[in-house]
Structures are given as C-alpha cells and as structure tokens.
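Novice: no sequence for this one, just the structure:
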C-alpha cells in the first residue's frame, strides 16, 4: 500500500511551460531546499523570510553575471501542489536563459525532475489520489470542451468519491465477517447475508453503469472516429476539406483518387470529431486501390459514426438501399448524405423513405451547418451528450472495475453455496483490493512508474 505523507529529501527542478522560445517560461522547483536553493541565485528580497503565496521581483545571477530579470512565486509547505516547498521562476522565454537558470540551480543542489514527478509527489504526499492524478494528465491533453469537462470533474474527485463510497460500504461488511472468524467455534453470524447480498447487487449495478460508460468516455477523451465512405467521385474529399475548413485532401474528377485514408480533427460544439476520408467503395482490379478499399472497410469497423456520401444524380434508391444494408452489418450508426444537390435539388424527393438522410452540396458549401447538426444528433442519440453521471475514461480503471465485479460475483456464489465466513471474507478482500487500485490505496512501485512516466516532465 502506498505510504502517504511521503517527504523526499531531493529538490527537483524542471521547465513547467512548453519547450521552445516564447514570451515567458516558468521553471518549477519542489522539495525541502527549493526556497533556499533559489535564494542563493536570486537578487532581491531574502526569499527564506517571505510568506507563502507571495510574488517577488528580482534578478537571477551566476555569481555576478546577470542572467535575467524574473518574478519568483513562493509556495511554502504544506500549502503547495506537492505539499512541499515549491518555487516557480517566471523568466523570459529564451531557450538559452532557461538552460542557464536550470544549470545554476542544478549546481546549487537541485536535480532534474523525472516525467510526472511533481504530480507523483502530490499523490505520495496525500494531496490527491491516483485517479485524480491521472486526471491531471487528461486535463493537460484535453482539446475539446467536453474532454476538458470530464477531466476536470475527475481531477476534482467526482469519480474517486464514488469509488470510496463503494469501498466504505464493503469495508463495513468485511469487518463484520472478519469478526465472525474470531468466534468461529461459536458459529455466530454478525454480517446479515441477505443485506450483504442486496448491497452487492446494488454495487454491481453501479459497476455495470461505470463499465458501460467507458465506451462513451473513450470517445469523449480521444474524439469521435467518423468515417466518410461512398463510391468513387461522390465528393468525399471535398466534404472533408469543407468540414476541416482547409485543403487537406486532393480533389479530382478522376475516380479512385484517394487510395489511402486521410484523417484530421475538428471540434463541433465542444465534441471532437476525427473525420476520416477513405478510398471509394467499389470493385476494382487496381491492386493499390483495392488495398485502399479494404482499409476503408477496416476503418468502418473501428468507427463510432459512418457518413455515407452518395451522388444524388447518379444513385438510385435501390442502389442506396443495398449499400445501407451492407454498411449496417458493421453495427455502426450511419448518416446518409446526398451530395451534389445544387445540380438536382428535385432528386432528393426520390429518397424520402430513407431515415437519417440529409442533402448537401459540398462544393457549394450548401447545408453544411445542417449537416453538422445532423452529425451531432447522431452522437446525442448514442448518449454522448449525457455527462451528468460519472464517466470512466481510463483503461486501467476498467480493468480494476472488472476485477471488482468478478470478486463480488464470487461472494454471491459463496453465500448461495453456504461456504465458510473465511472464504467469503477472502472474496470481499479481493474486491476491496481491486477498488483500492483505482484510487491508489493499493498500489505498487511498478504501477506508479508506468502511470507517471507518461506525464510531461514539468508536471
């Protein structure tokens, strides 16, 4: 089990802002000597005599050589991100200046931070649990309104609170059953088996909800993979360019121009979509094009949403019906997009019996806002807009929830078979162990290394 109130003897330093030149750079130190080390190279007020959460203007010097004018922020333990002494030096964003300041801080006794070491120290010192720490990385990488909302909720402990509540309920019964073991010879029962069984059913119901939410959470975190498919020359590349608002794909009247898939991302009302332009679906003897068609079918299998684009002038309702039936075998939501409507608006009447169909002209940008609304509507139908409940976004959490569910199944089976209290207690302990892995109440050094090694250096 992780020991909290960990206090490192090392003082670490790293660039906390992005690499490369910029207007401002922030260099962060954390550890027992963070303030004293900075004070050795800072010319201004005596930092060791200043209060926490104060800012101080001065200069950083290498002996008497002026390096830069800086602003130093002080956070005195335990009132900091890591619960250690923390200093943040705001300097000019020159790569040379940053390197020089870090070099002299290292010389005065700091060491370079490892990836994620600041957040790792925050976790080890009890500032946050492991699920919250992982949400910090998700927050940094969030690039849409919704992925930001989900990460922020988890970082503020929404998911952790649910897990801790589940654990607390199980701990009560576990303690009652453990008490029974002390009176094994007297054959007494402190834990009401009916109440325990009802509790486990309620917990498993919540676990199923959390596990089912992962498909949604994965999409919100990584974007909605949306594949644009259709016959050659239907206008798929033109549509991709319009959705992305840039000339990403080559547009040509020659069928089969797109031999491989082209992918890019765009945010629509806070939801990130990964649009993928694919090779046209048709029978072909061209080996390269045939390979592209095969990859298109693979992308359809991986997609969360399929846009089937067809030329309204050259496609009959019968042909469209056959194509839709073929696509539905993949089990994905399909939005039908009738393209080139500018040349034959009256043709759309022929397709009135089809559901989830919208007419556009990609080349004229006609009905594109309506198309975006229709795309969002498909996403809403799949439940991706319902973020009122806790959403699981982490595969590690999924594995722990599945282990918890399986252990609770064993508890139920044991109660039904009337097995001994000792074996029931063992299965409950397994479920508690699996839940504890999520928040970090149960962990290993290898697990921590794997999690925090994926963070950026300054976080």
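Specialist: Yep, that arrived. Here the structure is a predicted model, which means the values were calculated and not measured. Numbers count the residues shown, from 1 in each chain.

Novice: Now residue 392. Nearest residue, chain neighbours left out?
Specialist: Take residue 392 and drop its neighbours on the chain: the residue closest to it by CB to CB, 6 or more residues apart in numbering is residue 214, 4.6 Å away. In short, each C-beta sits where N, CA and C put it, glycine included.

Novice: ah, wrong one, I meant residue 12
Specialist: With CB to CB, 6+ apart as the criterion, residue 12 has its nearest non-adjacent residue at 3.9 Å, and that residue is residue 113.

Novice: which ones are touching the one you found?
Specialist: Contacts for residue 113 were tallied using CB atoms under 8 Å, 6 or more residues apart in numbering; they are 12, 13, 14, 28, 30, 457, 458.

Novice: Return the list of helices and strands in contact with the lengthiest strand in the chain.
Specialist: Longest strand in the chain by number of residues (criterion: DSSP state E): strand 65-75. Using 3 or more CB pairs under 8 Å, 6 or more residues apart in numbering; DSSP states H and E as the contact criterion, the elements in contact with strand 65-75 are strand 54-62, strand 86-93, helix 95-107.

Novice: which parts of the first one are buried?
Specialist: Residues of strand 54-62 classed as buried by neighbour count (16 or more other CB atoms under 10 Å): 56, 60.

Novice: I'd like to check the angle between that strand and strand 86-93, please.
Specialist: 60 degrees (axes from the mean of the first three to the mean of the last three CA atoms, to 10 degrees).

Novice: got the angle between strand 54-62 and strand 65-75?
Specialist: Angular relation of strand 54-62 and strand 65-75 on a 0 to 180 degree scale: 150 degrees, by the same axes, to 10 degrees.

Novice: Direction included, what does strand 54-62 pair against?
Specialist: Looking at strand 54-62 with DSSP bridges, its paired strands and their directions are strand 42-43 (antiparallel), strand 65-75 (antiparallel).

Novice: Same list (those) but as CSV, adding distance to residue 397, mean pLDDT and mean neighbour count.
Specialist: Compiled in CSV, the strands paired with strand 54-62 are given as follows (distance: least, CB to CB, whole Å; pLDDT from 0 to 100; neighbours: other CB atoms under 10 Å):
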stretch, distance to residue 397, mean pLDDT, mean neighbour count
strand 42-43, 43, 96, 16
strand 65-75, 30, 97, 18
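
Novice: Of those, which is nearest residue 396?
Specialist: Ranking the strands paired with strand 54-62 by distance to residue 396, with CB to CB as the measure, places strand 65-75 first at 30.0 Å.

Novice: now that closest one against helix 95-107, angle please.
Specialist: Calculated by the same axes, to 10 degrees, strand 65-75 forms an angle of 70 degrees with helix 95-107.

Novice: host element of residue 226?
Specialist: Secondary-structure element containing residue 226, defined by DSSP states H and E: strand 224-229.

Novice: buried set for that strand?
Specialist: Within strand 224-229, the residues that count as buried by 16+ other CB under 10 Å are 224, 225, 226, 227, 228, 229.

Novice: try stretch 108-122
Specialist: Neighbour count says stretch 108-122 has 108, 110, 113, 115, 116, 117, 118, 119, 120, 121, 122 buried, by 16+ other CB under 10 Å.

Novice: for the residues you listed, which one is nearest residue 263?
Specialist: Once CB to CB is applied, the member of the buried residues of stretch 108-122 that ends up nearest residue 263 is residue 115, at 27.7 Å.

Novice: that older thread, please render the contacts of residue 113 as JSON lines that adds secondary structure, pLDDT and neighbour count to the earlier fields.
Specialist: Shown next, in JSON lines, are those (DSSP: H, G, I helix; E, B strand; the rest coil; pLDDT from 0 to 100; neighbours: other CB atoms under 10 Å):
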{"residue": "12", "secondary structure": "strand", "pLDDT": "97", "neighbour count": "21"}
{"residue": "13", "secondary structure": "strand", "pLDDT": "97", "neighbour count": "26"}
{"residue": "14", "secondary structure": "strand", "pLDDT": "96", "neighbour count": "22"}
{"residue": "28", "secondary structure": "strand", "pLDDT": "97", "neighbour count": "23"}
{"residue": "30", "secondary structure": "strand", "pLDDT": "97", "neighbour count": "28"}
{"residue": "457", "secondary structure": "coil", "pLDDT": "84", "neighbour count": "16"}
{"residue": "458", "secondary structure": "coil", "pLDDT": "85", "neighbour count": "19"}
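
Novice: Now do the residue nearest to residue 12 against residue 193, distance only.
Specialist: Taken as CB to CB, to the nearest Å, the spacing of residue 113 relative to residue 193 amounts to 51 Å.

Novice: what's the answer for residue 420, then?
Specialist: Between residue 420 and residue 193 the computed distance is 13 Å (CB to CB).

Novice: Could you check how many residues crowd around residue 222?
Specialist: As a burial measure, the neighbour count of residue 222 was computed by other CB atoms under 10 Å and equals 15.

Novice: which stretches of the chain form strands?
Specialist: Assigned strands in the chain, in chain order: 12-15, 22-30, 42-43, 54-62, 65-75, 86-93, 111-112, 224-229, 262-268, 271-277, 305-311, 334-339, 357-359 (criterion: DSSP E).

Novice: and the angle for the longest one with strand 22-30?
Specialist: It stands for strand 65-75. Going by the same axes, to 10 degrees, strand 65-75 makes 60 degrees with strand 22-30.

Novice: Tell me which residues are up against strand 65-75.
Specialist: Applying CB under 8 Å, 6+ apart, the set of residues contacting strand 65-75 is 35, 38, 42, 44, 47, 50-61, 81, 85-92, 94, 97, 100-101, 104.

Novice: switch to 7 Å and redo it
Specialist: In this structure, residues lying in contact with strand 65-75 by CB atoms under 7 Å, 6 or more residues apart in numbering are 35, 38, 42, 47, 50, 52-61, 86-92, 97, 100-101.
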